[in-house]
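Engineer: What shape does this take:
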Amino acid sequence: MEQEKKIKHKLYTRCSGIEIPELMYRSLIKQAVLMTLRSEEVDVPCVVSVLLTDNKGIRKYNLRYRDIDKSTDVLSFPMQEFTKAGWSGHGKLETDEDSGVLPLGDIVISVQRAKRQAISQEITLEQETAHLIIHSALHLLGYDHDTANNERVMKSREKKLLKDMGYL
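Structural biologist: The predicted model follows:
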């Protein structure tokens, strides 16, 4: 029996502007990112950076990089361009020539906003955080919700992954 090749993805997390036990989030974030990458059959090691911040912090990023002066729940900063959504649209991607690792991109989450959304949706903060991480990781893989069809496809992927994680 051939053993499945285990891909070693790298995940970096940090907190800024908030005081939360980062380790509490680290496991959840890692699980959500890894499940998303596995579900898309990503077959090269990738690196993803996740910043947990507050509304003020995410507002700064939104203004600086998107010229939108308001807070939001999550921002995605892809470092690769996909020809179509998902790993099958990867085409030629640029891996780090020294390590062979593919820098996939950065995710910024407002924990403050996630808490508020979890309360309003009557779900746990963990479920909302998992949803935001999955949503953002899909953006890093070229998914978008710019059309009704693309939104349907992306939401379907999100629901499947949330179900796989035991949140639906």
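Engineer: what pLDDT does the residue most central in space within the chain get?
Structural biologist: Taking CA atoms, centre = their mean, the centroid of the chain lies closest to Ala137, which sits 2.8 Å from it. Per-residue confidence (pLDDT) for Ala137: 96.
Engineer: if I look at it, how far off is Glu40?
Structural biologist: The spacing between Ala137 and Glu40, counted by CB to CB, to the nearest Å, is 9 Å. Every C-beta, even on glycine, is put in place using the N, C-alpha and C of the backbone.
Engineer: And Ala118, by the same measure?
Structural biologist: On the measure of CB to CB, Ala118 and Glu40 end up 26 Å apart.
Engineer: Looking at these two, which has the bigger crowd around it?
Structural biologist: Glu40 (21 against 17; other CB atoms under 10 Å).
Engineer: Contact partners for that one?
Structural biologist: Shown in contact with Glu40 (CB atoms under 8 Å, 6 or more residues apart in numbering): 86-87, 141.
Engineer: try 10 Å
Structural biologist: 85-90, 137-138, 141-143, 157, 161 (CB atoms under 10 Å, 6 or more residues apart in numbering).
Engineer: ranges for the strands of the chain?
Structural biologist: With strands called from DSSP state E, the chain shows them at 10-15, 46-53, 74-78, 102-110.
Engineer: between the ones you listed, which one is nearest to Arg152?
Structural biologist: Of all the strands of the chain, strand 74-78 sits nearest to Arg152, with 18.9 Å by CB to CB.
Engineer: So which elements touch that closest one?
Structural biologist: strand 46-53, helix 55-66, strand 102-110, helix 125-140 (3 or more CB pairs under 10 Å, 6 or more residues apart in numbering; DSSP states H and E).
Engineer: The same query, at a cut-off of 8 Å, please.
Structural biologist: Contacts defined by 3 or more CB pairs under 8 Å, 6 or more residues apart in numbering; DSSP states H and E place strand 74-78 against helix 55-66, strand 102-110, helix 125-140.
Engineer: returning to that earlier point: and the closest residue to the residue nearest to the centre of the chain other than its chain neighbours, how close does it get to Tyr143?
Structural biologist: What sits nearest to Ala137 in space, not counting adjacent residues and going by CB to CB, 6 or more residues apart in numbering, is Thr36, at 4.0 Å. Distance, Thr36 to Tyr143, using CB to CB: 10 Å.
Engineer: try Thr95
Structural biologist: 21 Å.
Engineer: Look at these two and report which has more neighbours.
Structural biologist: Neighbour count, other CB under 10 Å: between Thr95 and Tyr143, Tyr143 has more, with 26 against 15.
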